[in-house]
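A.B. asks: Provide a 3D model corresponding to the input given below.
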Amino acid sequence: MAYNAAESLSDCLESLAGSGKPVSSSEIIVVDNASEPSLVGLIERYVGRSQVIRLDENIGFGRACNLAASRSTGRNILLLNPDTIAHSGAIDTLLTAVREVENAGMVGGRTVTPSGDHDPRSCWGEPTMWSQLCFATGLSRLLKGNSVFDPESLGDWKRDTVRDVPVVTGCLALVPRNAWSAVGGFDMDYFMYGEDADLSKRLRRSGLRVWIEPGSVVTHVVGASSPNSGAKTTLLLAGRVTYLRKNFSVKEFHVARMLLTVGVAWRALGAGLLRRRDAGWLVAWRQRRQWLNGYPPYNGVDQSVPHF
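C.D. replies: This next block holds a predicted model:
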């Protein structure tokens, strides 16, 4: 799925179809999610016209990925962000991994920054009531990377060993088609952010393995498709609220959403005191009506796209 960020997308496709190690027996399908200007011309430099899907409306990350998956024919479905550059052998490593695991659900790899530093965003811990409390009290910020008080960070683990994880993120993930079909792919109630955590949980609930193979490495240019910090933070929060609504009991959901709101309020207050008027948390607090109820349930027909 691609939305704007033409330069990053070009680098990504080049790493797959150009200078990188060829991906064996693969097809590359790219959804241009209503980019302005259109990216179709750029995409067709790397893949055939039949492998490009141009949308007139931005339908969000999960729905676009579902659409691409429905057009694909392979035994495995690879999700790869347009702001990534695949290192040599990255995809073949994942393919080998799923062939060797009988109950494979989803496997991810290791992401690094453009400078080559460790980037933890390839996987996360599961959102829980405890992690919401740590967010609300600021413990996850004061003790960032602590396995107890910032549990979703998974501690100081560098993603450099094979390990089962609660959440593999959609920036780099390989899912066998039978597993994808068994759980129905991404939940279309999500517009952007949170859908990968939800998919990971549904796969694990089905008894399938979700894990990291560190030999698969991509460079991740974070946020190329959603660079505005205020808009991105608002999207993240809407995704989080949607996840809480779908995976917590009704009582837990209301408590967790309250804790989330308190955490955002504290961070917005701090940004205001520091006069950081363009800070993401401050913008998100001002726009809290847009994320407090999460994304509206998808009813199977076209919906207006959230505008943040």
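A.B. asks: could you pull out the strands for the stretch 151-300 of the chain?
C.D. replies: Assigned by DSSP state E, counting those that start in this stretch, the stretch 151-300 of the chain shows strands spanning 163-164, 167-168, 172-176, 209-220.
A.B. asks: is it possible to export the ones you listed to TSV including mean pLDDT and distance to residue 26?
C.D. replies: Glycine gets a C-beta too; all of them are placed from N, C-alpha and C. As requested, the strands of the stretch 151-300 of the chain are arranged in TSV below (pLDDT from 0 to 100; distance: least, Cβ to Cβ, whole Å):
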stretch	mean pLDDT	distance to residue 26
strand 163-164	98	26
strand 167-168	98	20
strand 172-176	97	11
strand 209-220	96	14
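A.B. asks: from residue 286, how far out is residue 294?
C.D. replies: Distance of residue 294 to residue 286, computed by Cβ to Cβ, to the nearest Å: 18 Å.
A.B. asks: these two - which one has more neighbours?
C.D. replies: Neighbour totals were compared for residue 294 and residue 286, and residue 294 leads with 22 against 12 (other Cβ atoms under 10 Å).
A.B. asks: in this structure the more buried one contacts residue 242, no?
C.D. replies: Yes. Here residue 294 reaches residue 242: they are 3.6 Å apart, a contact under Cβ atoms under 8 Å.
A.B. asks: first-to-last residue distance for stretch 43-61?
C.D. replies: Using Cα to Cα, to the nearest Å, the end-to-end distance of stretch 43-61 comes out at 18 Å.
A.B. asks: could you give the mean pLDDT of that stretch?
C.D. replies: Averaging pLDDT along stretch 43-61 gives 82.
A.B. asks: in this structure, which residue is most central in space?
C.D. replies: Centrality entry for the chain: nearest residue to the mean C-alpha point is residue 170, 3.9 Å, by Cα atoms, centre = their mean.
A.B. asks: tell me how far that one lies from residue 83.
C.D. replies: 12 Å.
A.B. asks: same check on residue 10?
C.D. replies: Distance from residue 10 to residue 83, by Cβ to Cβ: 11 Å.
A.B. asks: so the two - more neighbours on which side?
C.D. replies: Legend: neighbour count by other Cβ under 10 Å for residue 10 and residue 83, higher for residue 83 (22 against 17).
A.B. asks: where does pLDDT dip in the protein?
C.D. replies: By pLDDT under 70, the low-scoring segments of the chain are 1-4, 17-25, 223-228, 276-278, 299-308.
A.B. asks: all the helices of the protein, in order from the start?
C.D. replies: With DSSP state H as the criterion, the chain has helices at 6-17, 40-43, 61-71, 90-100, 129-137, 139-142, 177-183, 195-205, 229-247, 250-273, 280-286.
A.B. asks: which residues touch the third one?
C.D. replies: With Cβ atoms under 8 Å, 6 or more residues apart in numbering as the contact definition, helix 61-71 has outside contacts at 1, 29-31, 33, 53, 55, 59, 77, 79, 170, 180, 185-188, 190-193, 195, 298.
A.B. asks: likewise the last one?
C.D. replies: Contacts made with helix 280-286 from outside it, assessed by Cβ under 8 Å, 6+ apart, are listed as 229-234, 237, 264-265, 267-268, 270-272, 276, 291.
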